[in-house]
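Student: sequence and predicted model, in that order:
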Amino acid sequence: MAENATSLLFPGNQTNVGFENEAACDEAHEKLICQECKEFLLSLPREKGWFKPYIYLYQHIWYAPAQLQALISFQKHFQAKDSDIIIASLPKSGTTWLKALTFAIVNRNRFSPSKHNHPLLISNAHELVPFFEFHDCKTNQIPDFSNLSDPRLFGTHVPCHSLPDSITMSRCRIIYICRNPLDNFVSFWFFYNKIVPPLSPKLSLEEAFERYSEGNSVLGPFWTNILGYWRQGKETPNKVLFLKYEDLKGDTKFYLKRVAEFLDCPFNLAEEGNGVIEKMIELCSFRKMKESAELNKKVKVMQKYENKDFFRKGEVGDWVNHFSPWMKEKLSKVIEEKLGGSGLSF
Ligand code: A3P
């Protein structure tokens, strides 16, 4: 963790956030940003933001103010257990899906995947597998996770190099899901325009694309976020399992088994024979999850998103329906420049 981050956190020192153009911000967690954090933000490079007026560069990644404050609390206070499981990703890479699959795998003895009231049918995966950096805690606090049963499951979009030492040093495991940046961008653009507050301007595909390609994206640049986990997965394969959305779509059964083995809870022959894996795949299928989200409209995800916002098309290669040739060429060039030589390709 960065030295300056430690000194930034002082309990009981919150004031209402007062960023330019942000006076109308009605989100409770924004109001919890402390004076020290605001001062710290002033010391960081900033760029035009997506959901907020600005995003700030901290440890090589762009954050909105509330996420940065939450991250710093989490870096300082989170105590990992060896049994913890972290689902990491860039936003819009299939996080919700992987959270659901992992929840179904590790809890299969408590909740049979064919159970009509399986938690995944009545809650959103983000409620069952909470994010570290999206919470409304006061500064210098992290949420009370004592109600989570072991193994605890968490989600994060934070890059590998910014995870707290307790995660790095413990034996807890990380599963990272990445997605072809072309589809990742399209998914993000749709999501952004869907959930952007009614009075805020929508972003054109071209404008959003320019920013994404230049690295100005939420929790990006995408290449920094992806490459950190990719390299870590190569160096410590027992610690980090690196998955691609496209592979998971292509052969869900194979990767479900891979995840279960990685987590030391492989499917036994009886389970395989009873079709447990197939039932899990069905439980977490795009169709089923979208249907459940429609049925559970009232469930708010992270207190502001609608459950159904997390399900759009769930396909590989949708970028062809939105990219013009120059966009394809430009982003492919960026991918080659940034990921070339790493061994990772799409
Ligand atoms: P699209 O916008 O391309 O449809 P995240 O969960 O990281 O926010 O990613 C969202 C993307 O994953 C969206 O992609 C969403 O539709 C897709 N998705 C959500 N649930 C899925 C599932 N069960 N199977 C496949 N894709 C899923």
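Tutor: Received, thanks. Residues are numbered from 1 along each chain as shown.

Student: burial count for the residue of the stretch 101-250 of the chain found nearest the ligand?
Tutor: As assessed by CB to the nearest ligand atom, the ligand sits closest to Ser187 within the stretch 101-250 of the chain, at 3.3 Å. C-beta: built from backbone N, CA, C; applies to glycine. Residues lying near Ser187 (other CB atoms under 10 Å) number 22.

Student: check what pLDDT it gets.
Tutor: Note on Ser187: pLDDT of 98.

Student: again, but for Leu263
Tutor: 98.

Student: what do you get for Gln69?
Tutor: 91.

Student: name all residues that make contact with it.
Tutor: Gln69 makes contact with 32-34, 37, 139, according to CB atoms under 8 Å, 6 or more residues apart in numbering.

Student: three-state assignment of the nearest residue to it once chain neighbours are set aside?
Tutor: In this structure, Gln69 finds its nearest non-sequential neighbour in Cys37, 4.6 Å apart by CB to CB, 6 or more residues apart in numbering. Classification of Cys37 by DSSP: H, G, I helix; E, B strand; the rest coil places it in helix.

Student: and the stretch 1-150 of the chain, which residues reach the ligand?
Tutor: 89, 91-97 (CB under 6 Å from any ligand atom).

Student: turn those into JSON lines, columns for pLDDT and neighbour count.
Tutor: Output for those, formatted as JSON lines (pLDDT from 0 to 100; neighbours: other CB atoms under 10 Å):
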{"residue": "Ser89", "pLDDT": "98", "neighbour count": "27"}
{"residue": "Pro91", "pLDDT": "96", "neighbour count": "17"}
{"residue": "Lys92", "pLDDT": "97", "neighbour count": "24"}
{"residue": "Ser93", "pLDDT": "98", "neighbour count": "27"}
{"residue": "Gly94", "pLDDT": "98", "neighbour count": "24"}
{"residue": "Thr95", "pLDDT": "97", "neighbour count": "24"}
{"residue": "Thr96", "pLDDT": "96", "neighbour count": "26"}
{"residue": "Trp97", "pLDDT": "98", "neighbour count": "24"}
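
Student: what stretches of the stretch 201-346 of the chain score poorly on pLDDT?
Tutor: Scanning the stretch 201-346 of the chain for pLDDT under 70 picks out 298-300, 302-303.

Student: what are the ranges of the helices in it?
Tutor: 205-213, 222-235, 245-250, 252-262, 269-273, 276-283, 286-295, 325-339 (DSSP state H, counting those that start in this stretch).

Student: okay if I get the ones you listed as JSON lines plus mean neighbour count and distance to Ile85?
Tutor: Output for these, formatted as JSON lines (neighbours: other CB atoms under 10 Å; distance: least, CB to CB, whole Å):
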{"stretch": "helix 205-213", "mean neighbour count": "17", "distance to Ile85": "29"}
{"stretch": "helix 222-235", "mean neighbour count": "20", "distance to Ile85": "15"}
{"stretch": "helix 245-250", "mean neighbour count": "17", "distance to Ile85": "16"}
{"stretch": "helix 252-262", "mean neighbour count": "18", "distance to Ile85": "9"}
{"stretch": "helix 269-273", "mean neighbour count": "11", "distance to Ile85": "19"}
{"stretch": "helix 276-283", "mean neighbour count": "19", "distance to Ile85": "16"}
{"stretch": "helix 286-295", "mean neighbour count": "16", "distance to Ile85": "20"}
{"stretch": "helix 325-339", "mean neighbour count": "14", "distance to Ile85": "26"}
